[in-house]
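> What follows is a protein structure lacking sequence information:
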Ligand SMILES: Cc1cc2nc3c(=O)[nH]c(=O)nc-3n(C[C@H](O)[C@H](O)[C@H](O)COP(=O)(O)OP(=O)(O)OC[C@H]3O[C@@H](n4cnc5c(N)ncnc54)[C@H](O)[C@@H]3O)c2cc1C
Ligand code: SF4
Ligand code: FES
Ligand code: FES
């Protein structure tokens, strides 16, 4: 029942054979080895699995891989290189918005989708965008500050 | 959590989707945004053999107004797109307030309005992993004969937690339902059933193709309020959708509908009657709040006590009526 699927992730095209019941998260991590996108609750409440499709932050744990054919997917691996971090990542480090780091890829991708859409969001817009993400270590104040400072750059 | 195995079908046209559903019967489930269905499948509360993906069907993506004053919204409409639709927000403020209150932005980016309208009922004792459920005696919904949420209940009282359901009832919306060879337009009030297990009249082979919202009747002055533990992302403890049709000094029609508190949206007839008789005066609003508390039938103790929920219902009724009154004042009591 596997189907051959052509996936465009971070501008690279991959051909993978997937069963219908595999999520985008399964394929990113297990088939493509892109471990930056995390697996948390698996049920839509934590946001650690966030990737960007067509400019919007979506949850890869609740997206069937088959439904991503022909779409352009951006994961945390696609927004920077170890030599040059994305301004949002820099802002997270500078503002102490990272502790264990497990939630960070999802929150950075969520913030990127927000800032790409609205470069100067107000507090309510930041809160609305981040509401679907969850950090157990840092608390959300520093994360909000990091997003706000990144938006001013 | 992994998904169970299933066959995936993505029809190219609505007719084809209806044929697939007609053939598959109860073996199939409709997949829209998947933000409810896929979680339920991971938890093994539903295990369809076939998923019929409908969110890309062009027939379900229309948003249009017709000559009879109805705005039709295709069931495939995405929630983030709807939330940003200023035209619909102007005509039906309560509807857009409810759409904006659903889940999180991530989920609204993925979900469709049809999935929200058809949302499965929820219960603390049901929406859990299989392992968790298996540790308890089976309840009405899992094939047993007891209810853990309301001791002694003869049926399942799982809650309809859709934020838009009470609004559709308050606005007298109609729901367009198609199955092979049949197309029906069903008033929202008749679409929902007071049954935690089968909470809509939908047959497995039927698709909700659109919702139709009627202009007028005070729709432009409607309100929706939701109270939940967390504002950012949570199902409601209780919500209210309200509309009042005001003609000059008199109130000609009032509708107060509670959501997320029972298996179907609850229409508060007696509380509305208070306002019909006395108008939107401060004393009538207070009285309507009191009446609402006693008008609720059986409600569960889940998450908060039933007494607290009754209190909450009264408070929401007062808040919603005050909001309608404020809107009326702002518009100088203009006709609907
Ligand atoms: C963390 C979390 C928080 C949530 N919070 C809220 C909330 O606050 N308020 C709220 O209302 N919901 C909430 N939800 C539930 C859900 O995300 C939304 O209700 C969403 O709108 C469902 O839409 P969907 O397109 O994803 O539906 P799906 O999951 O695809 O479908 C839901 C159900 O409807 C059926 N269905 C879908 N479309 C049709 C159609 N056109 N015709 C017939 N049947 C159809 C499906 O078969 C399925 O049974 C939450 C979910 C999660 C995971
Ligand atoms: S309301 Fe009662 S019967 Fe229904 S799912 Fe909950 S515990 Fe089971
Ligand atoms: S893993 Fe996707 S939301 Fe938690
Ligand atoms: S830094 Fe540990 S969960 Fe956010």
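Arrived safely, thanks for sending. Predicted model only: the values in this text are computed from it and were never measured. Ligands and ions are numbered 1, 2, ... in the order given.
> Only C-alpha atoms from now on, for both contacts and neighbour counts.
OK.
> tell me the SS of the residue of chain A found nearest ligand 2?
Nearest residue of chain A to ligand 2 (CA to the nearest ligand atom) works out as residue A:43 at 18.9 Å. Of the three states, residue A:43 takes coil under DSSP: H, G, I helix; E, B strand; the rest coil.
> What does the pLDDT read for residue B:129?
Per-residue pLDDT puts residue B:129 at 95.
> isn't it right next to residue B:44, touching?
Yes: with contact defined as CA atoms under 8 Å, residue B:129 reaches residue B:44; the gap is 7.2 Å.
> any low-confidence regions in chain B?
B:328-336 (pLDDT under 70).
> Enumerate residues external to the longest helix along it that contact any of its residues.
Scanning chain B for the helix with the most residues, using DSSP state H, yields helix B:306-330. Contacts with helix B:306-330, where a contact means CA atoms under 8 Å, 6 or more residues apart in numbering or on different chains, come from B:221-225, B:237-244, B:256, B:258, B:280, B:285-286, B:288-294, B:296, B:299-300, B:334.
> Please flag which of those sit within strands.
B:223, B:224, B:225, B:238, B:239, B:240, B:241, B:242, B:243, B:244, B:256, B:258 (DSSP state E).
> Which residue ranges of chain A form strands?
Under DSSP E, chain A gives strands at A:3-9, A:12-18, A:50-53, A:56-59, A:72-74.
> ranking those strands by burial, who's on top?
Among the strands of chain A, ranked by average contacts under mean count of other CA atoms under 10 Å in any protein chain shown, first place goes to strand A:56-59 (a mean of 27).
> hmm, that one touching ligand 3?
Yes: Strand A:56-59 lies within reach of ligand 3 by CA under 6 Å from any ligand atom, at residue A:59.
> Report all helices and strands that that strand contacts.
On a contact count with 3 or more CA pairs under 8 Å, 6 or more residues apart in numbering or on different chains; DSSP states H and E, strand A:56-59 meets strand A:50-53, helix A:104-117, helix B:105-110.
> Rebuild those as TSV, extending it with distance to ligand 2.
Listed next are these as TSV, based on distance: least, CA to the nearest ligand atom, whole Å:
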stretch	distance to ligand 2
strand A:50-53	31
helix A:104-117	33
helix B:105-110	24
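> Just name the most buried of those.
Stretch with highest mean neighbour count among those: strand A:50-53 (a mean of 25; mean count of other CA under 10 Å).
> For it, give me every contacting residue.
Contacts of strand A:50-53 (CA under 8 Å, 6+ apart): A:37, A:57-60, A:71-76, A:105-107, A:109-110, A:113.
> Report the mean confidence score over that strand.
98.
> That strand pairs with which strands, and in what direction?
strand A:56-59 (antiparallel), strand A:72-74 (antiparallel) (DSSP bridges).
> how distant is it from the center of its chain?
Distance of strand A:50-53 from the chain centroid (CA atoms, centre = their mean, to the nearest Å) equals 5 Å.
> One more: stretch B:176-196?
13 Å.
> Any part of that stretch near ligand 1?
No: judged by CA under 6 Å from any ligand atom, stretch B:176-196 stays clear of ligand 1, getting no closer than 7.6 Å.
> Now that stretch: buried residues?
Neighbour counts over stretch B:176-196 (16 or more other CA atoms under 10 Å in any protein chain shown) mark B:176-180, B:185-189, B:191-196 as buried.
> same check, this time on stretch A:140-153
A:140, A:143, A:144, A:145, A:146, A:147, A:148, A:149, A:150, A:151.
> Break chain A down into its domains, please.
What automatic domain parsing lists as the domains of chain A is A:3-78, A:87-151.
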